[in-house]
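Trainee: Next comes the sequence, and after it the predicted model I'd like to discuss.
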There are 2 protein chains.
Amino acid sequence: MVIPPGLLPEGLSDRLPPQAEASARLTRRVLDTVAAHGYERVMPPLAEFEDTLTQRLKSMRPQDLVRAVDPVSQRSLAFRPDMTAQVGRIAATRLAAAPRPLRLSYAGPVIRQKASQLRPEREKLQLGAELIGTDSTAAAVEIVNVAIEALQAAGVTGLTIDFTLPDLIDTLAAGPLPLDAREVEAVRTELDAKDAGALVALSPAAAAYLPLIEATGPFHAAMERLEAFDARIGGALASRIAGLRAIAKPIGWDITLTLDPTERHGFEFQNWFGFSIFAEGFIGEIGRGGSYAIARADGADEPAMGFSLYPDPLIDAGFGGESPRRIFLPLGSDAERAAALRAEGWHTVAALANGEDGAAQRCSHWLDGDEVRAY
Amino acid sequence: MVIPPGLLPEGLSDRLPPQAEASARLTRRVLDTVAAHGYERVMPPLAEFEDTLTQRLKSMRPQDLVRAVDPVSQRSLAFRPDMTAQVGRIAATRLAAAPRPLRLSYAGPVIRQKASQLRPEREKLQLGAELIGTDSTAAAVEIVNVAIEALQAAGVTGLTIDFTLPDLIDTLAAGPLPLDAREVEAVRTELDAKDAGALVALSPAAAAYLPLIEATGPFHAAMERLEAFDARIGGALASRIAGLRAIAKPIGWDITLTLDPTERHGFEFQNWFGFSIFAEGFIGEIGRGGSYAIARADGADEPAMGFSLYPDPLIDAGFGGESPRRIFLPLGSDAERAAALRAEGWHTVAALANGEDGAAQRCSHWLDGDEVRAY
């Protein structure tokens, strides 16, 4: 079979103007915002040794990775399906001696072997920021607010932040509401399904988790239900509740806050705190973050907090597709006048031959001697 | 063997602060400059079907490619070792109907299976601009001057541009100085080696190419020798010589121009015009460009002109490693004052706990109430 010359593999695609420019502009504005908060850029490579990469990819299966054999070492290379594992490696190795908290940012393509059901893309853009050395409430406040500020600087509106407590069930099961390992999984499954009947039917111990199904939805009402639940079990969640309240406090009224304390999908490696970011009109999250631990070279864990954005769905939907002001320069236009127009923000399109049509080149204006004229 | 956790495969490496930021800044300034000249961004995927990619990779061997099997199609995927082939594919397929000349820009990582002798990196950053639909002298003037302007906007100084005529030997051998196919290769080899004795010893026909060895070096002197040679062979190179003169004319005196008319390495797919870009103090070229042809879907060729930059050697050598102004915000600092400092260009580093040391965080200043104080 001859492959048509323009055909690309499923899940791999070109971005054309103006979406490619919109993607670059969004990336730039997010990175500028996080840089202004002291996050410094790192650029890990596209691929690493599969063994060292997968050690740090806690929620990734080997079959999710695009792999190739390294001709130099004859070892298996894996292309990164995620950059946070790489940033963790950098923090744990080359920047192990850098003062903490360590603030790092990153942006670049990631690629996986198969697309998810929700999104057909196998390659996507990931960008984000990681705060390494602490997973305190103060760190969570900074990370959530920097993520919001970055998206707003990029022009994204209608944001919803959904908070979760990824290790909630483990915490309760090991403390005030004991469950055995088998029950933990069953309780998680029924809480995922928000199936009150099935949860109660599991066991009396499982039924004690019932109020968590109701502690879901708009943030303040859901928090009150979570607080009432916590009061009945002796305050085991007090520090987590105080943390969520502190994180929510500085968030502006233009952001919708929700709570889904038992949500765990995408939070397999977060611990006390996680959040998802949604934008009005887009299906699926555009970002997520939370607290986690980085394995240091000495085997100990280092606390960290971070967020990642996956803005491709926004760009696909036409977000940020601004048109620059394009002006056509007929043959013989003055070079200094053209440079002055560029300095004013015009994009100049110079004629290379007689008979070119600036309007066909999507120019709104043309330079007539020294005068800027509209078509 | 256990791989140390921080070890990366040969030729793949991390960029850390401040080099990662310097790389991003250089990319941004180059892309902003080419955008101001009407070049619009495209973003092709990291990998494509091997067959369709290699069709357009004229100077690449299959063993140079990093390959993986596509689980969806069971076909071989190849990671891009170069982005110009992908930009050519976009121009020839999805943008086949867009008005010409078509101006496109791009930036991103490229990866090859093995490093070159000169550079150990297997992954490198490529950025550039392609002007599709013409390979006229006017197009060459634009491309060379936009490349120079872009590098200067990024702060690169001490530029040398080396011009070449990639199809020179073919043109002469098919015209005034006939050679058979075997002689063409031998003449090329001796001209590459600049070995006058060996060239003359090949044959009387080959000896006629001797003056080209001397038509090399500083641009104006070398051009005079090339013109004298051309006068003796009936002016077969007149249009090329006029082209080179026109391209050189608007280039400022701060740029060193040289001519090496028989240079062909790296110009395997260029035709009448090629150029290499060097920066003072760096071994090896940092960019190259010239005229070439793009295979259209209908089988015909479309003329094009472009340049690519490979700025990693500059970044490796510390180019552009500016330090931002970092200011430490002690606990309780006013949020609005902090935002105002960021708007002024400060990078703020907020304390998350008591006892943090802003100076250890490489802050030059700290906020004392409302006052900015130096450490």
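Mentor: Here it is on my side, so go on. Residues are numbered from 1 along each chain as shown, chains lettered A, B, ... in the order given.
Trainee: Would you list the phi and psi of the closest residue to A:F319 other than its chain neighbours?
Mentor: Setting aside the residues directly before and after it, A:F319 is nearest to A:A22 in space (CB to CB, 6 or more residues apart in numbering or on different chains), at 6.4 Å. Quick note: C-beta positions are derived from backbone N, CA and C, even for glycine. Note on A:A22: its backbone torsions stand at phi -60, psi -40 [degrees, to the nearest 10].
Trainee: I figured A:A22 hits A:E322, correct?
Mentor: Yes: with contact defined as CB atoms under 8 Å, A:A22 reaches A:E322; the gap is 7.2 Å.
Trainee: returning to what we had before: residues near the residue nearest to A:F319, how many?
Mentor: Neighbourhood size, A:A22 [other CB atoms under 10 Å in any protein chain shown]: 22.
Trainee: center of chain A, which residue is that?
Mentor: With distances taken as CA atoms, centre = their mean, A:L309 lies nearest the centre of chain A, 2.0 Å away.
Trainee: what's the nearest residue to it if we skip its chain neighbours?
Mentor: Spatial nearest neighbour of A:L309, chain neighbours left out: A:G287 (3.9 Å); criterion: CB to CB, 6+ apart.
Trainee: Check which element follows the least confident helix or strand in chain A by mean pLDDT along the chain.
Mentor: Across the helices and strands of chain A, mean confidence by mean pLDDT, DSSP states H and E is lowest for helix A:50-55: a mean of 88. Toward the C-terminal end, the helix or strand that comes next after helix A:50-55 (DSSP states H and E) is strand A:67-69.
Trainee: hmm, who's touching the helix or strand just after that following strand?
Mentor: Counting by DSSP H and E, the next helix or strand C-terminal to strand A:67-69 is strand A:76-79. By CB atoms under 8 Å, 6 or more residues apart in numbering or on different chains, the residues outside strand A:76-79 that reach it are A:46-51, A:53-54, A:65-70, A:110-111, B:9, B:46, B:66, B:68, B:79.
Trainee: count of neighbours near the nearest residue to A:P17 once chain neighbours are set aside?
Mentor: If the residues on either side of it in the chain are set aside, A:P17 comes closest to B:E40, at 3.7 Å by CB to CB, 6+ apart. Applying other CB under 10 Å, we find 22 residues neighbouring B:E40.
Trainee: Where do the helices of the stretch 51-200 of chain A begin and end?
Mentor: All helices of the stretch 51-200 of chain A, identified by DSSP state H, counting those that start in this stretch, fall at A:84-92, A:137-153, A:168-173, A:181-193, A:196-202.
Trainee: Pipe those helices into a markdown table and attach mean pLDDT per row.
Mentor: Formatted as a markdown table, the helices of the stretch 51-200 of chain A follow (pLDDT from 0 to 100):
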| stretch | mean pLDDT |
| --- | --- |
| helix A:84-92 | 95 |
| helix A:137-153 | 97 |
| helix A:168-173 | 95 |
| helix A:181-193 | 93 |
| helix A:196-202 | 95 |
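Trainee: Quick check on the contacts of strand A:76-79: which are buried?
Mentor: Neighbour-count burial (16 or more other CB atoms under 10 Å in any protein chain shown) applied to the contacts of strand A:76-79 gives A:46-50, A:53-54, A:65-68, A:70, A:110-111, B:9, B:46, B:66, B:68, B:79.
Trainee: For A:R61, give me the pLDDT.
Mentor: Looking at A:R61, its pLDDT stands at 76.
Trainee: can you tell me how far it sits from B:S76?
Mentor: The gap separating A:R61 from B:S76 is 23 Å, by CB to CB, to the nearest Å.
Trainee: Looking at those two, which is more packed in?
Mentor: B:S76 (17 against 10).
Trainee: Look up which residues are beta-bridged to that one.
Mentor: B:V69 (DSSP bridges).
Trainee: Can you give me the pLDDT of it?
Mentor: Per the predicted model, pLDDT is 92 at B:S76.
Trainee: same check, this time on the one 4 residues further on
Mentor: B:R80 carries a pLDDT score of 96 in this model.
Trainee: just checking, it touches B:T54?
Mentor: No: here B:R80 does not reach B:T54: they are 10.9 Å apart, not a contact under CB under 8 Å.
Trainee: re earlier: turn the helices of the stretch 51-200 of chain A into CSV, including distance to B:L104 and mean neighbour count.
Mentor: Output for the helices of the stretch 51-200 of chain A, formatted as CSV (distance: least, CB to CB, whole Å; neighbours: other CB atoms under 10 Å in any protein chain shown):
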stretch, distance to B:L104, mean neighbour count
helix A:84-92, 30, 24
helix A:137-153, 27, 22
helix A:168-173, 50, 20
helix A:181-193, 46, 16
helix A:196-202, 56, 14
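Trainee: Do I have it right that the residue nearest to the centre of chain A meets A:A129?
Mentor: No: A:L309 lies out of contact with A:A129 (CB under 8 Å); the separation is 9.3 Å.
Trainee: Please tell me how far A:E224 sits from chain B.
Mentor: Per CB to the nearest CB, to the nearest Å, A:E224 is found 27 Å from chain B.
Trainee: what number of residues lie near that residue?
Mentor: By the criterion of other CB under 10 Å, A:E224 has 11 neighbours.
Trainee: Buried residues, the host helix or strand of it. List them.
Mentor: Using DSSP H and E, A:E224 falls within helix A:219-232. Of the residues in helix A:219-232, A:219, A:222-223, A:225-227, A:229-230 count as buried by neighbour count, 16+ other CB under 10 Å.
Trainee: Quick check: which element contains A:A293?
Mentor: Here A:A293 is assigned to strand A:287-295, by DSSP H and E.
Trainee: Alpha carbons of that strand, in PDB - could you do that?
Mentor: The C-alpha trace of strand A:287-295 is given here as PDB (Å, rounded to 0.1, in the frame of the first residue of the first chain):
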ATOM      1  CA  GLY A 287      -4.800  20.900  33.600                       C
ATOM      2  CA  ARG A 288      -4.300  19.300  37.000                       C
ATOM      3  CA  GLY A 289      -1.900  19.400  39.900                       C
ATOM      4  CA  GLY A 290      -1.400  18.700  43.500                       C
ATOM      5  CA  SER A 291       1.100  17.400  46.100                       C
ATOM      6  CA  TYR A 292       3.300  14.500  45.600                       C
ATOM      7  CA  ALA A 293       6.700  13.000  46.600                       C
ATOM      8  CA  ILE A 294       9.900  12.800  44.500                       C
ATOM      9  CA  ALA A 295      12.300   9.900  45.100                       C
END
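Trainee: ok, residues contacting that strand?
Mentor: So strand A:287-295 is in contact with A:55-56, A:88, A:91-92, A:128, A:132, A:135, A:139-140, A:143-144, A:147, A:151, A:164, A:166, A:266-267, A:269-277, A:301-311, B:5, going by CB under 8 Å, 6+ apart.
Trainee: could you give the angle of it to helix A:137-153?
Mentor: 140 degrees (axes from the mean of the first three to the mean of the last three CA atoms, to 10 degrees).
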